[in-house]
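*Asks:* Quick one, structure for this:
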Amino acid sequence: MAEHADAIVVGGGLAGLVAAAELADAGKKVIILEQEGENSLGGQAFWSLGGLFFVDSPEQRRLRIRDSRDLAMQDWLGSAQFDREEDFWPRKVAEAFVDFAAGEMRPWLHAQGMRWFPVVGWAERGGGHAHGHGNSVPRFHITWGTGPGVLEPVIRRIRRHADNGLINLKFRRRASRLIKTNGAITGVSGELLEASTVERGQQSGRGVIGDFELHAGAVIVTSGGIGGDFELVRKSWPTDRLGPAPKHMVTGVPHHVDGRMVAITQAAGGAVINADRMWHYTEGVKNWAPIWPNHGIRILPGPSSLWFDATGNRLTAPCMPGFDTLSTLKHILSTGHDYSWFVLTQKIIKKEFALSGSEQNPDFTSKSWRAVLKSRRGAGAPPPVEAFKRKGEDFVVESNLRELVAGMNRLTGENLIDHDRLLQQIEARDREVENPFSKDAQITAIHGARNYLGDKLIRTAKPHRILDPANGPLVAVRLHILTRKTLGGLHTNLDAQVLDASGKPIPGLYAAGEVAGFGGGGYHGYNALEGTFLGGCIFSGRNAGRHAAKNS
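*Replies:* Sure thing, here's the model as predicted:
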């Protein structure tokens, strides 16, 4: 017998859970389908650092950061660079999201129990012009509890509604077809997968033991992006804009981020836009204790590490740590190689290195101030960073530059780094730190960063000479391209309704989160300002759930 509900949500990640909670809050009966096991509830959000993009927050004001809706909108549009006819809805959603981030978002989440670390991070600082890409001010708010802390209040709502019979969680259900009746989407069919005993994030089996068919007044697709499938990433890669797709990559998302529902929704009439817009990081390292296949972790660098391409040439502005992700990606790929190097000191790694993700930040994830102070104010770098320095295959640690270069060349086997050339560039940089003035753009940026109290206290090392043994040992880190986010996706309007090829809503069909480019089919445009992935899932999921509740 086919089952019925008011709405079906395909995907148990953050966007889907928010949508389901909003539907159940309105008294609607909801079925949540998730192809992974119950321990994967929350999807990619669980693994995140929990960063959220707020505008003019109390945390910013306490640090004397002057932010406003207009400044945030200037930064967003300068970063998005909307330039296509189909960017109408992405821009509308972007404008509405900035209003949300400057208004209701924080108090709404605070009322549900979420809290944030008091020091606001300054991510993606931009390419050098006020009207161009980047955050003019710090806006990256780390949720207390990281990704699990973001999920906690919405999962609490889900569990309450499940106990009251409004939400039915169905795990190991893989959707394969959207059912259409008289032009409207009225259900989902697919396969029941074999039971899974793997840990969260590990690759689960795909053996089929049955099938299912479900019917509802609305279907909300919240299945995520394509970052776990290298073949799909390369197929959509914008070669004309970024250069050739990397031959070697590491992945920042579990294997189940497979993009299946994009094609399935297209087969039901949904349009996809901006598939060539994507967000992949340039600071990936191989996880020495991997959870999923090709597991990579992103280094979240402060501004002081020296960045060199694979041949040992220093990258130029705006290709500096933490400034302009896509410009740096394009530059690296233009060298004919798909990796690059950080060269730094122990003093820099101690103060400036952080690793993305909840599992790499157990102190923040634990919500323990004692753990945070012990980890961040200890004698060395935070323990997860020190573990990568000791055990990670991409790290080279030596007492002098000649041995460091030898280790770098041994690691790649390509012997591309010339000691004398690297020495010349580092010595030139070191001379610049002996004065309070500099023509070196990175040193100027370091001084600018330390003008912000948050960076000076916990994120930016005092400028010092790289080659002074007192600051050592020296550290080199090989950096891989790390797949992460899909910026385009299913074309939706502000209510998260999926649009067809003519731009008209398909009755009964919605999409939210990464599968919809976080809203509209790509509300970031070409560039992300960070903290806007989780925020986009929350915003688009809320819009989908509320509109579907009124119309299902």
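*Asks:* now residue 254: how far from residue 13?
*Replies:* Counting by Cβ to Cβ, to the nearest Å, the gap between residue 254 and residue 13 amounts to 11 Å. The C-beta positions use only the backbone N, C-alpha and C, and glycine is treated the same way.
*Asks:* Give me the common contacts of those two.
*Replies:* Contact criterion Cβ atoms under 8 Å, 6 or more residues apart in numbering; residues bridging residue 254 and residue 13 by contacting each: residue 44.
*Asks:* quick one: which of the two has more around it?
*Replies:* Just comparing residue 254 and residue 13: by other Cβ atoms under 10 Å the higher neighbour count belongs to residue 13, 28 against 25.
*Asks:* does that one really touch residue 42, like I thought?
*Replies:* Yes: taking Cβ atoms under 8 Å as the contact criterion, residue 13 and residue 42 are neighbours in contact, 6.5 Å apart.
*Asks:* burial measure for residue 501, as a count.
*Replies:* Around residue 501 sit 11 other residues, with neighbours defined as other Cβ under 10 Å.
*Asks:* Give the closest residue to it in space, chain neighbours not counted.
*Replies:* Nearest in space to residue 501, with sequence neighbours left out and distances taken as Cβ to Cβ, 6 or more residues apart in numbering, is residue 271 at 5.0 Å.
*Asks:* wait, doesn't that neighbour sit right on residue 492?
*Replies:* No: look at residue 271 against residue 492 with Cβ under 8 Å: they stay out of range, at 9.4 Å.
*Asks:* Between the two, tell me which one has more neighbours.
*Replies:* residue 492 (33 against 19).
*Asks:* Provide a list of residues in contact with the more buried one.
*Replies:* If you count contacts by Cβ under 8 Å, 6+ apart, residue 492 has them with 89, 93, 498, 499, 510, 511, 512, 516, 519, 520, 521, 540.
*Asks:* Setting aside sequence neighbours, what's the nearest residue to it?
*Replies:* Excluding its sequence neighbours, the residue lying closest to residue 492 (Cβ to Cβ, 6+ apart) is residue 516, at 4.9 Å.
*Asks:* buried residues in stretch 370-378?
*Replies:* Taking 16 or more other Cβ atoms under 10 Å as the basis for neighbour counts, the residues of stretch 370-378 that come out buried are 372, 375, 376.
*Asks:* Give me the secondary structure label for the first one.
*Replies:* Pointing back at residue 372 there. With DSSP: H, G, I helix; E, B strand; the rest coil as the basis, the three-state label of residue 372 is helix.
*Asks:* Now do it against residue 146, distance only.
*Replies:* 11 Å.
*Asks:* and if you look at residue 132?
*Replies:* 30 Å.
*Asks:* Between the two, point out the one with more neighbours.
*Replies:* Set side by side, residue 132 and residue 146 give different neighbour counts by other Cβ under 10 Å, the larger being at residue 146 (29 against 16).
*Asks:* That one and residue 362 touch, don't they?
*Replies:* No: using Cβ under 8 Å, residue 146 makes no contact with residue 362, being 9.1 Å away.
*Asks:* picking that back up, what's the closest of the buried residues of stretch 370-378 to residue 314?
*Replies:* When the buried residues of stretch 370-378 are ranked by distance to residue 314 (Cβ to Cβ), residue 376 comes first, at 29.2 Å.
*Asks:* Relative to residue 385, how far out is the closest one?
*Replies:* Distance, residue 376 to residue 385, using Cβ to Cβ: 10 Å.
*Asks:* Please enumerate the shared neighbours of residue 271 and residue 492.
*Replies:* Common neighbours of residue 271 and residue 492, counting by Cβ under 8 Å, 6+ apart, are 498, 499, 521.
*Asks:* Turn these into JSON lines, including neighbour count, distance to residue 46 and secondary structure.
*Replies:* Written out in JSON lines, the entries for these read as follows (neighbours: other Cβ atoms under 10 Å; distance: Cβ to Cβ, whole Å; DSSP: H, G, I helix; E, B strand; the rest coil):
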{"residue": "498", "neighbour count": "32", "distance to residue 46": "26", "secondary structure": "strand"}
{"residue": "499", "neighbour count": "23", "distance to residue 46": "30", "secondary structure": "strand"}
{"residue": "521", "neighbour count": "31", "distance to residue 46": "25", "secondary structure": "coil"}
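*Asks:* and residue 380, how many neighbours does it have?
*Replies:* Applying other Cβ under 10 Å, we find 12 residues neighbouring residue 380.
*Asks:* Only the buried residues of the strand or helix carrying residue 341, if you could.
*Replies:* Here residue 341, judged by DSSP states H and E, is contained in strand 339-345. Of the residues in strand 339-345, 339, 340, 341, 342, 343, 344, 345 count as buried by neighbour count, 16+ other Cβ under 10 Å.
*Asks:* Same list (those residues) but as TSV, adding distance to residue 167.
*Replies:* Converted to TSV, those look like this (distance: Cβ to Cβ, whole Å):
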residue	distance to residue 167
339	45
340	46
341	49
342	46
343	51
344	48
345	52
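*Asks:* which of those lies closest to residue 452?
*Replies:* residue 344 (20.5 Å).
*Asks:* what sits against that closest one?
*Replies:* Applying Cβ under 8 Å, 6+ apart, we find residue 344 in contact with 304, 305, 306, 352, 466, 474, 475, 476, 477.
*Asks:* hang on, the first one packs against residue 446?
*Replies:* Yes: counting by Cβ under 8 Å, residue 446 is a contact partner of residue 304 at 5.7 Å.
*Asks:* Contacts for the least confident helix or strand in the chain by mean pLDDT, please.
*Replies:* Counting by mean pLDDT, DSSP states H and E, the chain has its least confident helix or strand at helix 369-376, which shows a mean of 83. With Cβ under 8 Å, 6+ apart as the contact definition, helix 369-376 has outside contacts at 362, 363, 364, 382, 383, 458.
*Asks:* so which of these would you say is closest to residue 104?
*Replies:* Using Cβ to Cβ, residue 364 is the member of these that lies nearest residue 104, at 25.2 Å.
*Asks:* part of a helix, is that closest one?
*Replies:* Yes: according to three-state DSSP, the state of residue 364 is that of a helix.
*Asks:* Mind listing the residues bridging to the nearest residue to residue 270 once chain neighbours are set aside?
*Replies:* Computed as Cβ to Cβ, 6+ apart, the closest residue to residue 270 that is not its neighbour in sequence is residue 498, at 4.4 Å. With DSSP bridges applied, residue 498 shows beta-bridge pairing to residue 492.
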